[in-house]
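*Asks:* sequence and predicted structure, then a few things I'm wondering about:
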Amino acid sequence: MLYIVRDMDSELTTATQVIKALGGPAKVAKLVGRGRRSQHVWNWGETGKLPSNTFLVLSQALERIGKTAPLELWDMTAPSDEKASS
């Protein structure tokens, strides 16, 4: 039997936690190609949502530091395991 054990500190549950874990607004802005527009990133923390076009870059950056974040922070949902009925 396989058990997956998660470190409780590994999942970040807010946009602000994601931004802080990745070094703050200025570093995240640079990471996602926003240059010096750290105000945009700070606003993401205030709204609690991350732009969906930042998902790949930010999730890979989080993975490199051993962290994860739920898809909902990007207004995304995981595909359902149920097959659509025909």
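*Replies:* Structure received. Please read all numbers here as calculations on a predicted model, not as lab measurements.

*Asks:* what is the burial count for residue 36?
*Replies:* Look at residue 36: counted by other CB atoms under 10 Å, it has 8 neighbours. No exception for glycine: its C-beta is placed from N, CA and C like everyone else's.

*Asks:* give me the three-state assignment for it.
*Replies:* Secondary structure, DSSP: H, G, I helix; E, B strand; the rest coil: residue 36 is coil.

*Asks:* surely it touches residue 25?
*Replies:* No - using CB atoms under 8 Å as the test, residue 36 is too far from residue 25 to be in contact (10.2 Å).

*Asks:* give me the low-pLDDT residue ranges for this protein?
*Replies:* Scanning the chain for pLDDT under 70 picks out 1-8, 81-86.

*Asks:* where along it do the helices fall?
*Replies:* Ranges of helices in the chain, per DSSP state H, are 15-21, 25-31, 38-47, 55-64.
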